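Colleague: I would like the atomic coordinates for the input below:
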Amino acid sequence: MYRLLSICLAAFLTGPAGALAQEPDAEPHQPSVENGRYIYIAGGCGSCHAAPASEKCDDPKTKDDFKPVGGRCLKTGFGTFYVPNITPDKETGIGGWSEQDFIKAITEGTSPSGENYYPAFPYSSYQRMKRTDLVDLWAFLKTLEPVSSIVPDHTLSFPYSIRRGLNIWKALHLDGKTFTPDPKKSAKVNRGAYLVEGPGHCGECHTPRNFLGGKIETKKLSGGPSPEGKGYIPNITPDKSGIGSWSEKDIVFALETGFLPNGDVIGGTMAKVQENMAQLTAEDREAIAAYLKSVPPVASDRPKTN
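Modeller: Sure thing, here's the model as predicted:
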């Protein structure tokens, strides 16, 4: 306990965690805009950063996923987060950033000026991404139309409004490690694991959180209360309370079409995720299914309803 308190105090006093951002590759990488577009879709970037389809900032539908001007909001128990503009506009977007600024932001949660980003931006998952994919994603973002769009500031309650406090959160929940394939698993399962744990950031919604908003890794992918405060995110481990009765083909079919094995359809914010998954290759959907069936089954904590 005293060691934990020491870590937290040191993190609070010393400022943003340093040097977590990935170092440049030993070998030069020629950016692929095509792969960057694919990663943009796999990561659901447009689903969050595009303007909402209506005047409601929390509308799960978006106007144009390839015009990420920001403006959507995430209403949570900590307050309301507003999603920023990530077009190449130099004044209100990321047009003034360097490639390394981008990689530092997406893997470390730190702005070019050294300010902490809130983990509503899922950098604890994006830190797992390969540098080559990040470079490609940056190359794709630079091809988008720069659009001026001013987004409201977050409205958070005390003490969550104190960004320096995020140093403690990062010390506890950010390790700076990229995805490492499991040599005991097949290439297919490892590809699925990378997509789920990295760009797909599935655990950000499907893993329950502690009182600080950190993911409880022992209950990984077992579902939990929606981070946006509405409803319950389902268990996607192969437990009987999750997708234990689903086959890999069932998972692939759901990701491709939106239809569940019981004939129901995917709804809510997951509908946008499914739309993105439908644009991936068949091989990648199969890899995701193989990985989800390979993870340890974890019983859901979802309260029973009458």
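
Colleague: So, low pLDDT: which residues of this structure?
Modeller: For the chain, residues meeting the criterion pLDDT under 70 lie at 1-27, 228-229, 304-306.

Colleague: and with 50 instead?
Modeller: Low-confidence segments of the chain, defined by pLDDT under 50: 1-21, 306.

Colleague: which residues in the stretch 101-250 of the chain form helices?
Modeller: Along the stretch 101-250 of the chain, counting by DSSP state H, counting those that start in this stretch, helices occupy 123-126, 131-141, 166-173, 187-197, 203-206, 248-257.

Colleague: Can I get these in a markdown table including distance to Gly43?
Modeller: In short, each C-beta sits where N, CA and C put it, glycine included. Output for the helices of the stretch 101-250 of the chain, formatted as a markdown table (distance: least, CB to CB, whole Å):
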| stretch | distance to Gly43 |
| --- | --- |
| helix 123-126 | 8 |
| helix 131-141 | 8 |
| helix 166-173 | 19 |
| helix 187-197 | 9 |
| helix 203-206 | 11 |
| helix 248-257 | 15 |
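
Colleague: Would you format these as JSON lines with mean neighbour count and distance to Cys48 included?
Modeller: Output for the helices of the stretch 101-250 of the chain, formatted as JSON lines (neighbours: other CB atoms under 10 Å; distance: least, CB to CB, whole Å):
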{"stretch": "helix 123-126", "mean neighbour count": "22", "distance to Cys48": "12"}
{"stretch": "helix 131-141", "mean neighbour count": "21", "distance to Cys48": "14"}
{"stretch": "helix 166-173", "mean neighbour count": "19", "distance to Cys48": "19"}
{"stretch": "helix 187-197", "mean neighbour count": "20", "distance to Cys48": "17"}
{"stretch": "helix 203-206", "mean neighbour count": "20", "distance to Cys48": "11"}
{"stretch": "helix 248-257", "mean neighbour count": "18", "distance to Cys48": "19"}
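
Colleague: what's the closest of the ones you listed to Ser241?
Modeller: Closest of these to Ser241 is helix 203-206, at 12.7 Å (criterion: CB to CB).
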